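Chemist: Build me a model:
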Amino acid sequence: MMPHIGIVACSAEGAALCYHTICVEGGEMVGGHGHPEVSMHTPNLAEYIACLERGDMAGVGALMLASAHKLAGMGADFLICPDNTIHQALPHVLPNSPLPWLHIAEVVAEAAVARGCKRLAVTGT
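Modeler: Numbers count the residues shown, from 1 in each chain. Presented below is the predicted three-dimensional model:
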């Protein structure tokens, strides 16, 4: 049984790319038109921007946690946040999260080590 993935979205661009990637790669992994069930939640981007502009990572974390709780209520098994910038708030999120998170930096680091990479360049905001 495939997991139900919850996307904690901030930017439309990151969320759309994450959703598309899950659907395309899921189909490649299981064949045909199959892919995991996906649910997504995002508050108004202006709420994230206001927190970011004042350096309020606890506020960013509160927005992320609100999404996490909604996605848990929708039946998600784990959460992904496809936006690099708000990952800085994960220390405020993880201790109170109702679900585990797939941390994109950790996944990239694991893949780099597995491939023998010594130096990486990461782009993002």
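Chemist: Give me the buried positions along the helix-or-strand element of the chain with minimal mean pLDDT.
Modeler: Least confident helix or strand of the chain, by mean pLDDT, DSSP states H and E, is helix 104-114 with a mean of 86. Under the neighbour-count criterion of 16 or more other C-beta atoms under 10 Å, helix 104-114 has I104 buried. Backbone N, C-alpha and C define where each C-beta goes, glycine included.
Chemist: just how off-centre is it within its chain?
Modeler: Chain-centre distance of helix 104-114: 15 Å, with C-alpha atoms, centre = their mean, to the nearest Å.
Chemist: what's in contact with that helix?
Modeler: Contacting residues not belonging to helix 104-114 are listed as I80, C81, P82, N84, H87, L120, V122 [C-beta atoms under 8 Å, 6 or more residues apart in numbering].
Chemist: Let me see the ranges of the helices in this protein.
Modeler: 12-30, 45-53, 57-73, 90-93, 104-114 (DSSP state H).
Chemist: Now for the most centrally placed residue in the chain: which residues touch it?
Modeler: Taking C-alpha atoms, centre = their mean, the centroid of the chain lies closest to C81, which sits 1.4 Å from it. Residues counted as contacts of C81 (C-beta under 8 Å, 6+ apart) are I7, V8, A9, C10, M64, H87, L90, W101, I104.
Chemist: Next: G73.
Modeler: G73 neighbours (C-beta under 8 Å, 6+ apart): none.
Chemist: so where is the protein shaky, pLDDT-wise?
Modeler: 124-125 (pLDDT under 70).
Chemist: Can you say which of the contacts of helix 104-114 are buried?
Modeler: I80, C81, P82, N84, H87.
Chemist: just these now: which is nearest R115?
Modeler: N84 (20.6 Å; C-beta to C-beta).
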